[in-house]
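Q: kindly generate the corresponding structure for this input.
(chains A and B)
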Amino acid sequence: MNDITNQSLDEIIKKIKSKEISSVELTKLFIKNIENAKKLNTFVTTAFEQALDNAKKFDDNPNFDQLLPGIPLAVKDLFCTSNIRTTAGSNILNNFVPTYESTVTKNLWDNGAFLLGKLNCDEFAMGSSNETSHFGNVINPVGDKLVPGGSSGGSSSALAADLTPATIGTDTGGSIRQPASFTGTVGLKPTYGLCSRWGIVAFASSLDQAGPMTKTVTDCSLMLEAMSGFDEKDSTSIKKEKEKYSKNLKDNIKGLKIGIPKEYRVNNMPKEIDKLWENGKKILKDLGAKIIDISLPHTKYALPTYYIVAPAEASSNLARYDGVRYGHRSKKGKDLIEMYENTRSEGFGDEVKRRILIGTYVLSSGYYDAYYLKAQKVRQLIKKDFDDNFTKVDAILTPSTPSSAFKIGEKTDNPVSMYLNDIFTVPANLAGLPAIAFPAGLDNKGYPLGLQLIGKVLDEQKILNIAYAFEKNCKFNNEIKKWWV
Amino acid sequence: MVIDKEKIIHVSKLARISLDKKKSEALAKDLSSIFKFIEQLNELNTDKIEPLSSILNEPLRSRQDLISDGKIRDKVLKNSPKKNEEFFVVPKVIE
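A: Now for the predicted structure:
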């Protein structure tokens, strides 16, 4: 049996359908890879036995008409999985076993896939390097001592290291797109409301979205099709017809207008990012797209706005962790209040505490107008920048990160410098827009770099198509040497 | 705005997170630099701007308050660090 774990999800599905490989054989190959990759620290919990059971069930009674027939998938440990521990990378949920399944994972299982295990992430998805996880930092397969990005760092690392054929993450300020770029993979944050948030451990509810992380754009369209859809259980879920992203994927982008926002050319941007962006423009132009210079004047205020809105919502969402109904409870404290205070002090890590305190502060009496209300007004301006420009262009092309993957420990001392990593990804979250990050080249150290396309509300198909055309016409050696085996 | 140790202690009380002296000092330093960063927003005049309350164009849906699951009491209680047969147990709150 050939090892096909390095192939795209789409290729693997073809081999399952042609019976070249069974689901059990495929699952065993991935389990072997996972067992050989402990150094990368990508998995918090594995579900091998259950996965093999499910694979056997599929092989005994296969349904090849499903989108993901007999496909084992590992998912970020932020999705609640029924009867399988779900930690959100936090000590406070160290022993939490959900009684229910998140809608997004249920959608994947209903399309023929099954769970392989739960992937490490920054604690409560708060981080850009996977260094805030209670379960230790994940290593980027691209290079020893490199961060895989965050917060979906376990997902990006496992995908790039062939430990899962595709995966899903969540993106509140860039948590899918930044790690995708750091590992040379594809990541899409859908329009706010396209994928249900039900059963996902909440961080900032007006920004959180689940999305696919894959090796190719075709795989991305398949996974998005499988996971998205209206859900009664999420009051912000958009009611609409389900789209066939994979069937409708096409590479003709002639005549499409691509906006290039001048404000994304930030100070001190490395030359190679600038070069990558120029090259991206050229590739799309050669494919018949029109390149148009645009302005998004409030871009520089996106990150400061995010660091008010996201912590405010997080402080409210994380108020539920009190050590009473589930999760860690402190043994110290003489009364209920002290029990709460000690539980939360022991259960949360430093970055989570930082953000809860920022959030509590900006929402506290006397400060609400100056911070939270102000930020929501600026958020309106940021959204308006996009609305104004989307009358003129079909999509916006930007770099996805201001640098390639950095070293573990390099940015942990300075929270603001860590936050600056999300400078290009945060605006799409604030405006609720779909955005896809895809590999576009390597830097001089040989580390992957990505570009990002931001689309109009619910225009996922168009940004997928543009990225698909780009992918076909931008060839470079993205292969990772398996040094950890 | 400079966030001093006293402010940190006040906010940590509100957030129900106990902090020792060393941690309060470190957090005061971190939060001061973060607030300096977010206060860039004060450069903008937003007097005539409506705050964004939802990024969806339609109002939030409401639903009937119907029971859709149940009979999982034991499973739910199993996650609790301290419980008896039917209840979550917490430190005594009334004498």
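Q: from here on, contacts and neighbour counts on C-alpha atoms
A: Will do.
Q: what about residue 47, neighbour count?
A: Since you didn't name a chain, this refers to chain A. Residues near A:Ala47, counting by other C-alpha atoms under 10 Å in any protein chain shown, number 16.
Q: I was after chain B.
A: For B:Asp47, using other C-alpha under 10 Å, the count is 8.
Q: what's the distance between it and B:Lys36?
A: 21 Å (C-alpha to C-alpha, to the nearest Å).
Q: cool, A:Glu20 as well?
A: 59 Å.
Q: who's more crowded, these two?
A: Neighbour count, other C-alpha under 10 Å: between A:Glu20 and B:Lys36, B:Lys36 has more, with 15 against 11.
Q: so what does the host helix or strand of A:Val352 touch, helix or strand wise?
A: Counting by DSSP states H and E, the element that carries A:Val352 is helix A:350-363. Contact partners of helix A:350-363 among helices and strands, from 3 or more C-alpha pairs under 8 Å, 6 or more residues apart in numbering or on different chains; DSSP states H and E: helix A:302-317, helix B:5-14, helix B:21-38.
Q: how about the longest one: buried residues?
A: By neighbour count, with 16 or more other C-alpha atoms under 10 Å in any protein chain shown as the criterion, the buried positions of helix B:21-38 are B:Ser24, B:Glu25, B:Leu27, B:Ala28, B:Asp30, B:Leu31, B:Ser33, B:Ile34, B:Phe35, B:Phe37, B:Ile38.
Q: make JSON lines out of the residues you listed and add distance to A:Ile292 and pLDDT.
A: Output for these, formatted as JSON lines (distance: C-alpha to C-alpha, whole Å; pLDDT from 0 to 100):
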{"residue": "B:Ser24", "distance to A:Ile292": "49", "pLDDT": "94"}
{"residue": "B:Glu25", "distance to A:Ile292": "49", "pLDDT": "94"}
{"residue": "B:Leu27", "distance to A:Ile292": "44", "pLDDT": "94"}
{"residue": "B:Ala28", "distance to A:Ile292": "45", "pLDDT": "95"}
{"residue": "B:Asp30", "distance to A:Ile292": "40", "pLDDT": "93"}
{"residue": "B:Leu31", "distance to A:Ile292": "40", "pLDDT": "95"}
{"residue": "B:Ser33", "distance to A:Ile292": "37", "pLDDT": "94"}
{"residue": "B:Ile34", "distance to A:Ile292": "35", "pLDDT": "94"}
{"residue": "B:Phe35", "distance to A:Ile292": "36", "pLDDT": "95"}
{"residue": "B:Phe37", "distance to A:Ile292": "31", "pLDDT": "95"}
{"residue": "B:Ile38", "distance to A:Ile292": "31", "pLDDT": "95"}
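Q: A:Asp274: neighbour count?
A: Neighbours of A:Asp274 (other C-alpha under 10 Å): 16.
Q: state the distance from it to B:Ile9.
A: Counting by C-alpha to C-alpha, the gap from A:Asp274 to B:Ile9 is 44 Å.
Q: try A:Ala428
A: 35 Å.
Q: list the residues that contact the spatially most central residue of chain A.
A: Compute the mean C-alpha point of chain A, and by C-alpha atoms, centre = their mean the closest residue is A:Ile176, 2.0 Å away. Applying C-alpha atoms under 8 Å, 6 or more residues apart in numbering or on different chains to A:Ile176 gives the contacts A:Gly150, A:Ser151, A:Ser152, A:Gly169, A:Thr170, A:Gly187, A:Leu188, A:Lys189, A:Gly211, A:Pro212, A:Met213.
Q: go again with 10 Å.
A: Residues near A:Ile176 by C-alpha atoms under 10 Å, 6 or more residues apart in numbering or on different chains: A:128, A:149-153, A:155-156, A:168-170, A:186-189, A:209-213, A:425, A:435-437.
Q: where does A:Met1 land on pLDDT?
A: Looking at A:Met1, its pLDDT is 58.
Q: my error: substitute B:Pro59 in the last question.
A: Looking at B:Pro59, the pLDDT reads 80.
Q: equivalent analysis for A:Ile71, please.
A: Looking at A:Ile71, the pLDDT reads 98.
Q: over to it: give its phi and psi.
A: phi -100, psi 120 (degrees, to the nearest 10).
Q: look up how far chain B lies from it.
A: 29 Å (C-alpha to the nearest C-alpha, to the nearest Å).
Q: and for A:Ser102?
A: Separation of A:Ser102 from chain B (C-alpha to the nearest C-alpha): 14 Å.
Q: quick check, A:Thr398 in a helix?
A: No. Counting by DSSP: H, G, I helix; E, B strand; the rest coil, one finds A:Thr398 to be strand, located in no helix.
Q: can you tell me the closest non-neighbouring residue to it?
A: Here the nearest residue to A:Thr398 in space, its sequence neighbours aside, is A:Gln452; by C-alpha to C-alpha, 6 or more residues apart in numbering or on different chains that works out to 5.2 Å.
Q: hang on, the one you found is in a strand, isn't it?
A: Yes. Under three-state DSSP, A:Gln452 sits within a strand.
Q: need the contact list for it.
A: A:177-178, A:181, A:186-188, A:277, A:280, A:395-401, A:424-425, A:435-440, A:463, A:467.
Q: any idea of the pLDDT on B:Ile94?
A: pLDDT, B:Ile94: 80.
Q: burial count for it?
A: Residues near B:Ile94, counting by other C-alpha under 10 Å: 4.
Q: from chain A, how far out is it?
A: 10 Å.
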